[in-house]
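>>> here's a sequence, model it:
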Amino acid sequence: MGFPKFSLSSTVLLIMVTGLSLRAESKTYWGDIEVLKEMKNGLDPGSVSPGSCVSSWDFAVDPCDNLFSERFTCGFRCDLVVSGTSRVTEISLDQAGYAGSLPSTSWSLPYLETLDLSNNFFSGSIPDSLANLTKLRRLGLSRNSLSGQIPTSIGSLSELEELYLDNNNLQGTIPAGLNNLVSLKRLELQSNRLTGEFPELGSLKNLYFLDASDNAISGNIPTSFPSSLVQISMRNNSFEGKMIADSFRNLGYLQVLDLSHNRLSGSVPAFLFDALPSLQQLVLSFNHFSSLKSPYSLATQSDLISVDLSNNELRGLLPSFMALMPRLSALSFENNKLTGLIPTMYALKVVVPGPGISPLVRLLLGGNYLFGPIPDRLIGLEPCSVNVRLVDNCFYRCPAIFFFCQGGEQKSLTECKSFAPPVIP
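Got it, this is the predicted structure:
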């Protein structure tokens, strides 16, 4: 339960006067009790098992009077906000297994700071009356069966810092009113059925975590993001078009960017490798990128640790600058249309990267049109020492005795010559 801001977590005050303890009782505000009653009445009785938290809510005593009683101590917290009156400041029924609908008419809890009903079986729509929770800082409705649209009224919760609506059946567009949540730090919308274009959220100056993955969001990537972002995850949607530098150039704190499983096309821009000083993980797999631009700095100051560009339509030679990234340890170009030789620098980074340079412990190059001899530095690698894959290429001397040649055949000579006849012998 935790302790309140101004007293113990009950409505009972202990006042020490000349060595004597005087007990002064206060009452829970009647409107808060009505909301708790409505919440209990809205639950499916079959989900309220005997002995469960909500089953104890019989309202035979004052709900917030729990200092000298064990009753009504689970599921919510009360704080004394004015002399003689206690208000509900937290309702948390996370992972309680309850089913039913959320109350749609009341939610008149102006002092509520936390509402967490995640990991239950609540159904129906998100009520507009949640806009009455003007002090709310955390709203958790994750992993339920909620449907309908995200109500635009949520945009009026100006003190909201965390919003969890993920893993439901929510539909429709993401309301532009979310841009009014100026205190928001974390936004999770993943695993719903949201559609339409993603709204601009440039005014959310405190947002550090954004996840809108596993929806059906379409259109272009937004032209701007809050500069405070540390992680952006928008995988498995229908974003299309090119990645524009202006959308990301000011993200000096960004560590994770995952735009995989979309319809992005054109070139993988160079700024991803030298203009985002904190970026550590870049995932652009399963898109339609056709080329990759090399940065002028050769990415020697990059903090990237993992880069996944697999399952695109990349053509040309393997970019040598990748081997110069000091912290890069995982690189995947699998299932593209790359050709040419494996640069010796790649093999050196796997085996002997040099002082202060992280070795490549994962190098996945299968499913391309690479040819020529296997670099000597790779030949002596022991199985399980690193994860290297060269299957389904045009290496004619890549026998299965080498672990990195196992798991698939090389392409036929006919296919290799038809793809790149000027360079395939």
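>>> which residues does the residue sitting nearest the centre point of the chain contact?
Nearest to the geometric centre of the chain sits Asp211, at 3.6 Å (Cα atoms, centre = their mean). Applying Cβ atoms under 8 Å, 6 or more residues apart in numbering, one finds that Asp211 lies in contact with 166, 187-190, 231, 233-234. Quick note: C-beta positions are derived from backbone N, CA and C, even for glycine.
>>> can you check the pLDDT for it?
Per-residue pLDDT puts Asp211 at 98.
>>> the one 5 residues further on too?
Note for Ala216: predicted pLDDT of 98.
>>> quickly note the distance from the residue lying closest to Gly407 once chain neighbours are set aside to Glu334.
The spatially closest residue to Gly407, leaving aside those adjacent along the chain, is Val391, at 5.2 Å (Cβ to Cβ, 6 or more residues apart in numbering). Per Cβ to Cβ, to the nearest Å, Val391 is found 9 Å from Glu334.
>>> tally up the residues packed near Gln149, please.
Residues near Gln149, counting by other Cβ atoms under 10 Å, number 14.
>>> ok, it touching Gly172?
Yes - taking contacts as Cβ atoms under 8 Å, Gln149 lies within contact range of Gly172: 3.7 Å.
>>> returning to what we had before: which neighbours do Val391 and Glu334 share?
366-367.
>>> name the helix or strand for the closest residue to Phe404 other than its chain neighbours, please.
What sits nearest to Phe404 in space, not counting adjacent residues and going by Cβ to Cβ, 6+ apart, is Val388, at 4.0 Å. If you go by DSSP states H and E, Val388 is part of strand 387-389.
>>> ok, that strand: who's next to it in the sheet?
Using DSSP bridges, strand 387-389 pairs in its sheet with strand 362-364 (parallel).
>>> got a list of contacts for the next helix or strand after the strand it pairs with?
Following strand 362-364 in sequence order, the next helix or strand is strand 369-370 (DSSP H and E). Residues from elsewhere that reach strand 369-370 (Cβ under 8 Å, 6+ apart): 318, 337-342, 390, 393-395, 411, 416, 419-420, 424.
>>> equivalent analysis for stretch 387-404, please.
Residues outside stretch 387-404 that contact it (Cβ under 8 Å, 6+ apart): 334, 339, 342, 350, 361-374, 378-379, 381, 383-384, 405-411, 413, 416, 424.
>>> and if you look at stretch 50-60?
So stretch 50-60 is contacted by 33, 36-37, 40, 43, 48-49, 63, 71-72, 74-75, 93, 96-98 (Cβ under 8 Å, 6+ apart).
>>> I'd like to know which of the residues you listed are buried.
Applying 16 or more other Cβ atoms under 10 Å to those, the neighbour count classes 33, 36, 40, 43, 48, 63, 72, 74-75, 93, 96, 98 as buried.
>>> residues contacting Gln410?
391-396, 398.
>>> any idea how far Tyr396 is from it?
Gln410 sits 7 Å away from Tyr396, going by Cβ to Cβ.
>>> with Leu365 instead?
Between Leu365 and Tyr396 the computed distance is 16 Å (Cβ to Cβ).
>>> longest helix in this protein, by number of residues?
Assignment by DSSP state H gives helix 30-42 as the longest helix of the chain.
>>> next structured bit after that one?
strand 76-82.
>>> now that following strand: buried residues?
76-81.
>>> cool, and stretch 406-413?
Quick answer for stretch 406-413 (16+ other Cβ under 10 Å): 410-411.
>>> swap in stretch 375-385?
In stretch 375-385, counting by 16+ other Cβ under 10 Å, buried: 375, 377-378, 381.
>>> for this protein, give me the ranges with low pLDDT.
For the chain, the stretches with pLDDT under 70 are 1-26, 66-73, 420-425.
>>> ok so, going back, after the strand holding Val388 comes which helix or strand?
helix 413-419.
>>> just the strands in the stretch 51-200 of the chain please.
76-82, 85-92, 99-101, 114-116, 121-125, 138-140, 145-149, 162-164, 169-173, 186-188, 193-195 (DSSP state E, counting those that start in this stretch).
>>> got JSON lines for those, with distance to Gln301 too?
Shown next, in JSON lines, are these (distance: least, Cβ to Cβ, whole Å):
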{"stretch": "strand 76-82", "distance to Gln301": "48"}
{"stretch": "strand 85-92", "distance to Gln301": "45"}
{"stretch": "strand 99-101", "distance to Gln301": "53"}
{"stretch": "strand 114-116", "distance to Gln301": "42"}
{"stretch": "strand 121-125", "distance to Gln301": "48"}
{"stretch": "strand 138-140", "distance to Gln301": "38"}
{"stretch": "strand 145-149", "distance to Gln301": "45"}
{"stretch": "strand 162-164", "distance to Gln301": "34"}
{"stretch": "strand 169-173", "distance to Gln301": "39"}
{"stretch": "strand 186-188", "distance to Gln301": "29"}
{"stretch": "strand 193-195", "distance to Gln301": "37"}
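>>> which one of these lies nearest to Leu254?
strand 186-188 (15.0 Å; Cβ to Cβ).
>>> just to check, Leu163 is in contact with Pro175?
No - counting by Cβ under 8 Å, Leu163 stays clear of Pro175, with 11.7 Å between them.
>>> name the residues contacting each of these two.
Ile154.
>>> compare the two (neighbour count), which wins?
Set Leu163 next to Pro175 and count neighbours by other Cβ under 10 Å: Leu163 wins out with 23 against 16.
>>> now stretch 114-131: buried residues?
Those would be 114-120, 122-123, 126-127, 129-131, for stretch 114-131 by 16+ other Cβ under 10 Å.
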